[in-house]
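Enquirer: Need a 3D model of the following:
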Amino acid sequence: MSQWIETIALKEGVLKNILWHQQRMELTLVAHESSFFVDLFILLSKYDLPQNGYYKVRVLYNTRQVLDVNWQLYTPRQLNTFELVDGTHIDYSYKDANRTQLEELKEESKEDEIIIVQKNCITDTSFTNLVFQQGEYWYTPTSYLLNGTQRQYLLAENLITQREITRTDLSLYSHFKLINAMLPFEIAPTYSINQIKNR
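Expert: Below you'll find the predicted structure:
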């Protein structure tokens with residue numbers, strides 16, 4: 001039976017973007033013909049979550065029940081080099097607990113992180129969505145693997161814009177960021193486009 005994950009940021013005792021996570025969880029269950037429902041806020045309020053620091057809260061569930069809830073202090077990855085890799089065969093439309101295909105693709109690279117390309121279009125890294133800077137504007141690829149909660153939030157707030165971005169388009173951008181629930185735009189490191197190999 002398939003299992004999925006919601007990874008939620010807990011900052012100083014506050015669950016961030018919880019409504020976006022609730023929506024994605026519900027859409028995932030409906031897409032898999034499940035009538036199971038859980039209110040994430042009520043669920044997590046039953047736990048003695050830390051009130052200080054920045055934590056990653058992980059909710060594991062399937063079509064019938066919540067299987068596990070845990071949390072740990074968040075330490076961002078230190079990344080310096082990125083490589084474009086072909087991942088046309090990858091399907092990660094839902095936040096599946098089984099990340100085997102993504103991890104295998106990453107293991108083939110000698111760089112710190114991969115940027116997955118499908119049919120010449122930029123999608124995501126192995127664990128984040130992407131945004132690219134052109135002047136004062138930021139753009140995210142229309143060809144994402146997973147419609148992440150931070151990506152959805154930034155689009156809803158008109159802070160970023162969707163655009164098709166191909167591998168040959170990358171020279172049009174100066175910088176990029178990796179964004180996800182734990183890496184909101186305002187704290188995500190900014191990388192030079194020149195840190196991407198095989199452009």
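Enquirer: Run through the neighbouring helices and strands of the helix ranked longest in the chain.
Expert: Assignment by DSSP state H gives helix 18-31 as the longest helix of the chain. Under the contact criterion of 3 or more C-beta pairs under 8 Å, 6 or more residues apart in numbering; DSSP states H and E, helix 18-31 touches strand 4-11, helix 40-45, helix 149-156. Backbone N, C-alpha and C define where each C-beta goes, glycine included.
Enquirer: okay, the ones you listed in CSV with mean neighbour count, mean pLDDT and distance to Val131 next?
Expert: Formatted as CSV, the entries for these read as follows, by neighbours: other C-beta atoms under 10 Å; pLDDT from 0 to 100; distance: least, C-beta to C-beta, whole Å:
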stretch, mean neighbour count, mean pLDDT, distance to Val131
strand 4-11, 20, 98, 17
helix 40-45, 14, 97, 25
helix 149-156, 19, 98, 7
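Enquirer: do you know which of those lies nearest Ile114?
Expert: The closest of the helices and strands packed on helix 18-31 to Ile114 is helix 149-156. By C-beta to C-beta, the value is 18.0 Å.
Enquirer: how far off helix 18-31 does that closest one point, in degrees?
Expert: Comparing the axes of helix 149-156 and helix 18-31 via axes from the mean of the first three to the mean of the last three C-alpha atoms, to 10 degrees yields an angle of 110 degrees.
Enquirer: so what secondary structure elements neighbour the following helix or strand past helix 149-156?
Expert: Past helix 149-156, heading to the C-terminal end, the next element that is a helix or strand (DSSP states H and E) is strand 161-163. Identification of packing neighbours for strand 161-163 by 3+ C-beta pairs under 8 Å, 6+ apart yields strand 137-141.
Enquirer: Now do the strand it packs on: which elements does it pack against?
Expert: Packing partners of strand 137-141 (3+ C-beta pairs under 8 Å, 6+ apart): strand 121-125, strand 129-134, helix 149-156, strand 161-163.
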